[in-house]
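Enquirer: Predicted model follows, preceded by the sequence.
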Amino acid sequence: MTDQYTQPDFSVMVEKKASAAKACSMLKILANEDRLLILCQLIQGKKNVGELEQTLGIRQPTLSQQLTVLRDEKLVSTERQGKYIYYSLASPEAVQIMNTLFSVYCQNEHHHSPDDVTHNGRQ
């Protein structure tokens, strides 16, 4: 009986490692509550700093700092309209992740139906 050892496909391993690194990078960005709240607002459409500050209750210096991080990471883009700069989601991956997070955590936040209960009775 011949014991065959199959060599791992290193190109697949490298590709998976790169994908994991990319996912970890995105999750680190989303792990900040202020940034997550900003993205929750921007998925609804473009907004300027004043609108975000009023809606989220995040002070302007903190808001600007977090928007800079999101812009540097290419998750949001800016567009000047007159004296205002509007921010919008620029990353298709971020849109997809935010939609998933919304459906899991926000969609039925206050109105759970019996169908929303999992097999162990928890939501």
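Expert: That came through fine.
Enquirer: Who are the packing partners of the top helix by length along the chain?
Expert: Scanning the chain for the longest helix, with DSSP state H as the assignment, gives helix 10-30. The helices and strands touching helix 10-30, judged by 3 or more C-beta pairs under 8 Å, 6 or more residues apart in numbering; DSSP states H and E, are helix 33-42, helix 92-101. (C-beta placed from N, C-alpha, C; glycine too.)
Enquirer: Tell me the buried residues in that helix?
Expert: By neighbour count on 16 or more other C-beta atoms under 10 Å, the buried set for helix 10-30 is 26, 29-30.
Enquirer: Also stretch 82-89?
Expert: 86-87, 89.
Enquirer: how far is it from where the chain is centred?
Expert: From the chain centre to the centre of stretch 82-89 is a distance of 20 Å (C-alpha atoms, centre = their mean, to the nearest Å).
Enquirer: And the contacts of it?
Expert: The contact list for stretch 82-89 (C-beta atoms under 8 Å, 6 or more residues apart in numbering) reads 38-39, 42-43, 45-50, 52, 67, 70-71, 75-80, 95, 98.
Enquirer: Just the buried ones from these?
Expert: Buried members of the contacts of stretch 82-89, counted by 16+ other C-beta under 10 Å: 38-39, 42-43, 46-49, 52, 67, 70, 75-76, 98.
Enquirer: Mean pLDDT per helix and strand in the chain: which one sits at the bottom?
Expert: Within the chain, confidence by mean pLDDT, DSSP states H and E is lowest for helix 10-30 among all helices and strands, at a mean of 88.
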